[in-house]
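**Student:** just a sequence and a predicted model for now, questions to come.
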Amino acid sequence: MTRELFHRELTRLQDEVLVMGSMVEKAILDSLQALRDGDAGSSQRIVDEDSRINAKRFEIEDQCIFVVASQQPMASDLRMLASILYIITDLERIADHAEGIARINLMMSDEPLPRRLGYIPAMADRAVAMLRDSLKAFIERDVESARQICNADVEVDRLQDAVYEESFKAMLADPSTIQRNTYLLWTAHNLERIADRCTNICERVIYQVTGRMQEINVSKY
Amino acid sequence: MTEIRIDLRPAAQSAPAAHAMEPASRGHVIEPAEPAAISIDRLSLWYGHKRALTGVSLDIPVNRVTALIGPSGCGKSTLLRSINRMNDLIPGVRIEGTVAYHGINIYGKDIDPVEVRRRIGMVFQKPNPFPKSIYDNVAFGARVNGYRGNLDDLVESSLRRAALWDEVKNDLKKSGLALSGGQQQRLCIARALANDPDVILMDEPCSALDPIATLKIEDLMREIVKDYTIIIVTHNMQQAARVSDYTAFMLTDETTTGQLIEYGRTQELFTNPGDRRTEDYISGRFG
């Protein structure tokens, strides 16, 4: 095996993607917990710390560009670096959606506790599972898993439909809840977009392994 | 595009080689869907008892740059030199299979190897201008061949095509050896072009040049490929990826010497090679 330094560098970049992935996952979980608890302080921290995730994205991007320039990668190494550049963009946008949920919670500060979030926690669970699984597929170069993870997006869409249905019913039954339910609709939308971004990551995993770009757009939204 | 008049020998077209040929070692080959300037069919070659090529088959498309890559000893330079019969000059060389230039086997009976080399020119690793003036270097082949046109025009047009005219037009009497390495290599390209070839073989043409001179030669290749078919041997994979339209990857392994492993469009080969050995080589895992 030659180019050990180069391949160590690639492994390090993969590890950095996982570090960024765990930062993003924490942001999603914390944003949901804060929403559930009405914890404005935690939401504000998520908003403030989004810049750390953005910085992590640019740090990895810089390293990728330097590796491309200095090592002139080819074939699967090149595809891996190209995939990382796209995956960190998706991760950064997922973090923005988590920040979006945190901002919604800040706007909901007048809403009483306990919060009834309906299907939203279930949506969040599935979205986080998709994120975790898509990064696992990335590390393990597992095309079959990547395809299967995309199918979970249908379930997230279905849950979003359920959130919409419940929210509209509640708004019709009691117009005083229109504002609160609108916030829940926005939250569901953020989670649905997170799941969509995870399918993008899976598409990059498939490209990295097979060299073929394949759009796996199972979402109806 | 240069008009192609096939007139390599006085007699009728040669019959195919009578001897049994090697089975083709096809590897992962995607033949270009374009007319071929050179068609190589089950070509094997020996230097004495030492085999250098094994059953190589590929079509080199017209007006494209085709790169031959592979580790040292894989047979790429031997293959290149087989295309204009440069190996004939080495004692003890034996070949099987055919190399067809626009459909005519250049190893057929009655083929004039000098005429083959006029039509299929060559540029070597180290610039090798003659110890003569710039003008005489370019005019050399034309004079030898009894060129009857305007020699001044030929020298100017050849130097222009080789992107050297503006740098030397006021110094045509200066020795070719007084030029920089990059200029000398472009002078050699001008000298090759002056013989009106339609295929140009380049054997690591930039390996002795600095990066700027290298990029000039690469730009020149992309510029002149609309009029010529270019085949380049290079150890520089980034160069192959930059300048070529098609790439052939060759390899010598424990069982087979000088085999073609993969051949196809450069973009595909460098981003998504079809053979694991190609992948390992271009990504630097061996070689």
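**Tutor:** On my side now, so go ahead.
**Student:** CA atoms for contacts and neighbours, from now on please.
**Tutor:** Fine.
**Student:** so does stretch A:10-18 get close to chain B?
**Tutor:** No: Stretch A:10-18 lies out of reach of chain B by C-alpha under 8 Å from any C-alpha of the partner chain, never closer than 12.4 Å.
**Student:** what does that stretch rub up against?
**Tutor:** Outside stretch A:10-18, the residues within contact range by C-alpha atoms under 8 Å, 6 or more residues apart in numbering or on different chains are A:60, A:63-64, A:77, A:81, A:84, A:88, A:135, A:139.
**Student:** buried ones in it?
**Tutor:** Of all the residues in stretch A:10-18, those buried under the rule 16 or more other C-alpha atoms under 10 Å in any protein chain shown are A:10, A:13-14, A:16-18.
**Student:** take that stretch, keep the C-alpha atoms, and write them as PDB.
**Tutor:** In PDB, the C-alpha atoms belonging to stretch A:10-18 read as follows (Å, rounded to 0.1, in the frame of the first residue of the first chain):
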ATOM      1  CA  LEU A  10      -9.000  10.600   4.000                       C
ATOM      2  CA  THR A  11      -9.800   8.600   7.100                       C
ATOM      3  CA  ARG A  12      -9.300  11.700   9.300                       C
ATOM      4  CA  LEU A  13     -11.700  13.600   7.000                       C
ATOM      5  CA  GLN A  14     -14.300  10.800   7.400                       C
ATOM      6  CA  ASP A  15     -13.900  11.100  11.100                       C
ATOM      7  CA  GLU A  16     -14.400  14.800  11.000                       C
ATOM      8  CA  VAL A  17     -17.700  14.300   9.100                       C
ATOM      9  CA  LEU A  18     -18.800  12.000  11.900                       C
END
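**Student:** what's the spacing between it and its chain's center?
**Tutor:** 17 Å (C-alpha atoms, centre = their mean, to the nearest Å).
**Student:** in chain A, what spans have low per-residue confidence?
**Tutor:** A:1-2 (pLDDT under 70).
**Student:** helices and strands around the strand or helix carrying B:Glu262, which ones?
**Tutor:** Under the criterion of DSSP states H and E, B:Glu262 resides in strand B:259-265. For strand B:259-265, the packing partners by 3 or more C-alpha pairs under 8 Å, 6 or more residues apart in numbering or on different chains; DSSP states H and E come out as strand B:28-29, strand B:50-61, strand B:246-251, helix B:276-282.
**Student:** now mean neighbour count and distance to chain A too, for those, in JSON lines please.
**Tutor:** Listed next are the helices and strands packed on strand B:259-265 as JSON lines, based on neighbours: other C-alpha atoms under 10 Å in any protein chain shown; distance: least, C-alpha to the nearest C-alpha, whole Å:
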{"stretch": "strand B:28-29", "mean neighbour count": "18", "distance to chain A": "16"}
{"stretch": "strand B:50-61", "mean neighbour count": "22", "distance to chain A": "22"}
{"stretch": "strand B:246-251", "mean neighbour count": "26", "distance to chain A": "14"}
{"stretch": "helix B:276-282", "mean neighbour count": "20", "distance to chain A": "6"}
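**Student:** let's have these in a markdown table, adding mean pLDDT.
**Tutor:** Listed next are the helices and strands packed on strand B:259-265 as a markdown table, based on pLDDT from 0 to 100:
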| stretch | mean pLDDT |
| --- | --- |
| strand B:28-29 | 82 |
| strand B:50-61 | 96 |
| strand B:246-251 | 97 |
| helix B:276-282 | 94 |
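**Student:** want to try a markdown table for these, with distance to B:Ser39 as columns?
**Tutor:** Below are the helices and strands packed on strand B:259-265 laid out as a markdown table (distance: least, C-alpha to C-alpha, whole Å):
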| stretch | distance to B:Ser39 |
| --- | --- |
| strand B:28-29 | 14 |
| strand B:50-61 | 4 |
| strand B:246-251 | 13 |
| helix B:276-282 | 22 |
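**Student:** sorry, back to before: ok, which of the contacts of stretch A:10-18 also contact chain B?
**Tutor:** Among these, the residues within reach of chain B (C-alpha under 8 Å from any C-alpha) are A:Asp77.
**Student:** let me see the ranges of the helices in the chain.
**Tutor:** Reading this off chain A. A:4-37, A:40-71, A:75-107, A:120-140, A:143-173, A:178-210 (DSSP state H).
**Student:** the intended chain is chain B.
**Tutor:** Here chain B has its helices, by DSSP H, at B:76-82, B:113-119, B:134-144, B:151-161, B:165-168, B:181-193, B:211-224, B:237-243, B:266-271, B:276-282.
**Student:** what are the contacting residues of the first one?
**Tutor:** Spelled out, it's helix B:76-82. B:52-53, B:68-70, B:87, B:99, B:201, B:203, B:231-233, B:250, B:258.
**Student:** and with 10 Å instead?
**Tutor:** With C-alpha atoms under 10 Å, 6 or more residues apart in numbering or on different chains as the test, helix B:76-82 has contacts from B:40, B:43-47, B:52-53, B:56, B:67-70, B:75, B:85-88, B:95, B:98-99, B:106-107, B:122, B:201-204, B:231-234, B:248-251, B:258-260.
**Student:** just the shortest one next, same as before
**Tutor:** Helix B:165-168 is contacted from outside by B:134-135, B:155-160, B:171-172, B:174, B:176, B:179, B:183, B:186-187, B:190, using C-alpha under 10 Å, 6+ apart.
**Student:** hmm, back to that, of the helices of chain B, which stretch is the most buried?
**Tutor:** helix B:181-193 (a mean of 26; mean count of other C-alpha atoms under 10 Å in any protein chain shown).
**Student:** how many other residues sit next to A:Cys150?
**Tutor:** Neighbours of A:Cys150 under the rule other C-alpha atoms under 10 Å in any protein chain shown: 25.
**Student:** list the contacts for it?
**Tutor:** Applying C-alpha under 10 Å, 6+ apart to A:Cys150 gives the contacts A:130, A:134, A:195-203, A:216-219.
**Student:** got a list of what the closest residue to B:Leu53 other than its chain neighbours touches?
**Tutor:** Among residues not flanking B:Leu53 along the chain, B:Gly258 sits closest, at 4.1 Å (C-alpha to C-alpha, 6 or more residues apart in numbering or on different chains). B:Gly258 is in contact with B:25, B:44-45, B:51-56, B:70, B:73-76, B:78-79, B:250-252, counting by C-alpha under 10 Å, 6+ apart.
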